[in-house]
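# Below: sequence and its predicted model.
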2 protein chains.
Amino acid sequence: MTKHKTHKSALTENDGVQQPKMVNARGVIKKKDISVDTYVSEIQKGNRVFLSKAITLIESTNSKHKEKANTILKACLQTTHESVRIGITGVPGVGKSTFIEALGLYLTSIGKKVAVLAVDPSSSITKGSILGDKTRMEDLVKDKNAFIRPSPSGNSLGGVARKTRETIMLCEAAGFDTIIIETVGVGQSETAVHSMVDFFLLLKLAGAGDQLQGIKRGIIEMADSIVINKADGANLKPAQLARTEFKRALQMYPHKDNGWIPKVTMCSAIKKHNIDDVWEIITSYLNLTNANASFTKRRQEQNKFWLLQTIEEQLKDNFYKHPKVVKLLIELTKKVEDGQVSPFDAAEQLLQIERTS
Amino acid sequence: MTKHKTHKSALTENDGVQQPKMVNARGVIKKKDISVDTYVSEIQKGNRVFLSKAITLIESTNSKHKEKANTILKACLQTTHESVRIGITGVPGVGKSTFIEALGLYLTSIGKKVAVLAVDPSSSITKGSILGDKTRMEDLVKDKNAFIRPSPSGNSLGGVARKTRETIMLCEAAGFDTIIIETVGVGQSETAVHSMVDFFLLLKLAGAGDQLQGIKRGIIEMADSIVINKADGANLKPAQLARTEFKRALQMYPHKDNGWIPKVTMCSAIKKHNIDDVWEIITSYLNLTNANASFTKRRQEQNKFWLLQTIEEQLKDNFYKHPKVVKLLIELTKKVEDGQVSPFDAAEQLLQIERTS
């Protein structure tokens, strides 16, 4: 049964010394009984049960839960910890879970506290995101200095990304100093993850049609490092060739504003070879960007981006949910498509609803 | 002085038989005197002076002008003509003006009525857009079946694109059956133009670092045809090589949904060589997309896109212009950048202003 261990049992195993304060007869915490203050102080102590429960509030569609989550977040923001946020992408089959587990275990072994999150707008509880099946990271799940949370569910990338970003803040308040955010590499999710991390890593395989032309060009431009995984056994030679090819390809791209020159390396996540080299690359990136202050600048820009992003999504949400808008939009869309009404005129009619109500 | 002929004099020259109905003592039309009905009926007769004046209303920042423009647009929408909208892009120096003039003259010679517009959000009256200096299209300016209008000025791409799209509608109501929209190829303007045309043409040069790797990949994906210009004299051989290279490169891209396989050709705009071949490509595109109904489908999708786009821009505009928002946004942005307030909390505070006012 170990293989099908669930999220909850993994967390319970991880509790360690920090027992929740309020439990009912069956040992289950009653959410409504827990005050914001308790949440905040327990999270700040690094209590993962409370961290998990607060994340569940963030992910809830219930407006009271959301409100509580916001109050918790606001209070948690006062405790600032140094942290690094690492985004990891790569096509399915490239070995992302194995790589993240290897990197995570390496990091806890050198004293880091690691949180692993994901942005996967296509995932749902039934379909299961790549992190949903946590048996893929069996050892990391058991590590008391690691915290793994699957992607929040939801169909809109905006919503999923927002929840993940709020989760990052909570994890940092709980003392996690290294946040790894995985993306499944479909649609725009890389862009969303890129906008919330300090360092963006692209995982690749050698050969097998998985060379340069297979990747969306934008992804290469975003990458701070390309890591060729599964560089072991008979794969070692092709991996070395791929490394050379990627190094050459990267030279064609314009330099990054922060002065960083993206690095290419290879590793074998399954054999845990060369994982330290990946971390060394990240460390030298942090040294450079802290020295030239671009690290802080980027975080500031990201915060501002998220402020505007949140406002604009909310404005759209409010507008399109208005019952009169819903009704008229259907009618007008048809007329606009057929050219009977100009898009601008139709927009004007719809905006009129908001003004008069 | 011919070289520095202005927009107005070019238009006056072009007036032909259709004289404006209302002029003051100095022969100047008084805008406020012209009724919407007159505008509409004159535009529908193909009167370019009224067309120009209506476009000026579209471009005006005066809200009364805008309102009048909207009423004119709405009425003009009732007269539908068959038309084709062609987007043309290419880096500076590729010979866009010369190419557009050659194509325009070819089209009027085969009986078409051609309007040439531009989307250039960086342009202003003082800086002058690529079409601002109309001496670049000296012969086309004099052609009574051609109408040339520089890019509307404005810093926001959204605003410029909207004005251009409304101008397309007016030009079509005035009987122009071929609308050419130029973009300068900076920033996101290609995407905006692509969203308002039926056919998208990328103009290229052979050799000189202007091969594949120099282009934004997205542009290639948008192109329905790549035309290598300046294929004459010593340039002919490199152009032939470039054509082969581009053909090969295009094969790497996934097929378009409408079944069209992008074509590569070459021409010499200055010598007016092979311009008919470009038109033949466009014609075969129109035949295919009309036969499989994708032409209409695309126009419908574009209309819908513009409806949503207009709504969303307007929502943002209204919000960010609110005096209380302006004030608080400055304060909160600073706090958000410094990590004192979460972006989500700040967004909430700002959205609260709209709710309570």
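Done, it's in. Numbering: from 1, shown residues only, chains lettered A, B, ... in the order given.
# show me the contacts for residue A:324.
A:353, A:357 (CB atoms under 8 Å, 6 or more residues apart in numbering or on different chains). Bear in mind the C-beta positions are built from the backbone N, C-alpha and C, glycine included.
# Distance of it relative to chain B?
Remark: distance between residue A:324 and chain B (CB to the nearest CB, to the nearest Å) = 14 Å.
# Same check on residue A:339?
7 Å.
# With residue A:69 instead?
10 Å.
# Over to residue A:35?
Distance from residue A:35 to chain B, by CB to the nearest CB: 19 Å.
# Any chance of the backbone angles for that residue?
Residue A:35 adopts backbone torsions of phi -80, psi 160, taken as degrees, to the nearest 10.
# can you count the residues close to it?
Residue A:35 sits with 10 neighbouring residues when counted by other CB atoms under 10 Å in any protein chain shown.
# Check residue A:139 too.
12.
# What of residue A:278?
Residue A:278: 24 surrounding residues under other CB under 10 Å.
# what's the answer for the one 10 residues further on, then?
Number of residues near residue A:288 (other CB under 10 Å) recorded here: 15.
# That one: what's its closest spatial neighbour, skipping adjacent residues?
Computed as CB to CB, 6 or more residues apart in numbering or on different chains, the closest residue to residue A:288 that is not its neighbour in sequence is residue A:260, at 5.9 Å.
# Check residue A:145 too.
Distances taken as CB to CB, 6+ apart put residue A:108 closest to residue A:145, at 4.2 Å, once the chain neighbours are dropped.
# Distance-wise, check the one you found relative to chain B.
Going from residue A:108 to chain B by CB to the nearest CB gives 26 Å.
# could you check the distance from that residue over to residue A:182?
Remark: distance between residue A:108 and residue A:182 (CB to CB, to the nearest Å) = 17 Å.
# What strand or helix carries the residue nearest to residue A:145?
Following DSSP states H and E, one finds residue A:108 within helix A:96-109.
# what's the average pLDDT for whichever helix or strand comes after that helix?
Next helix or strand after helix A:96-109 toward the C-terminus (DSSP H and E): strand A:114-119. In this model, strand A:114-119 has an average pLDDT of 93.
# contacting residues around strand A:114-119?
A:100, A:104, A:107-108, A:129-131, A:137, A:140, A:143, A:145-151, A:157, A:160-161, A:164, A:167-168, A:171, A:174, A:176, A:178-184, A:189, A:192-193.
# among those residues, which are in helices?
A:100, A:104, A:107-108, A:140, A:157, A:160-161, A:164, A:167-168, A:171, A:189, A:192-193 (DSSP state H).
# Please verify my assumption that residue A:332 contacts residue A:344.
No - with contact defined as CB atoms under 8 Å, residue A:332 does not count as touching residue A:344 (11.5 Å).
# which helices and strands sit right next to the longest helix seen in chain A?
Ranked by residue count and defined by DSSP H, the top helix of chain A is helix A:294-321. Here helix A:294-321 touches helix A:157-173, helix A:275-291, helix A:323-337, helix B:294-321, helix B:323-337, helix B:343-356, going by 3 or more CB pairs under 8 Å, 6 or more residues apart in numbering or on different chains; DSSP states H and E.
# One more pass at 7 Å, please.
Counting contacts by 3 or more CB pairs under 7 Å, 6 or more residues apart in numbering or on different chains; DSSP states H and E, helix A:294-321 is packed against helix A:157-173, helix B:294-321, helix B:323-337, helix B:343-356.
# List the buried residues in the last one.
I take that to be helix B:343-356. Residues of helix B:343-356 classed as buried: B:343-348, B:350-351, B:353-354 (neighbour count, 16 or more other CB atoms under 10 Å in any protein chain shown).
# which residues does the closest residue to residue A:274 other than its chain neighbours contact?
Closest residue to residue A:274 in three dimensions, ignoring its sequence neighbours and counting by CB to CB, 6+ apart: residue A:267, at 3.9 Å. If you count contacts by CB atoms under 7 Å, 6 or more residues apart in numbering or on different chains, residue A:267 has them with A:227, A:229, A:231, A:273-275, A:277-278.
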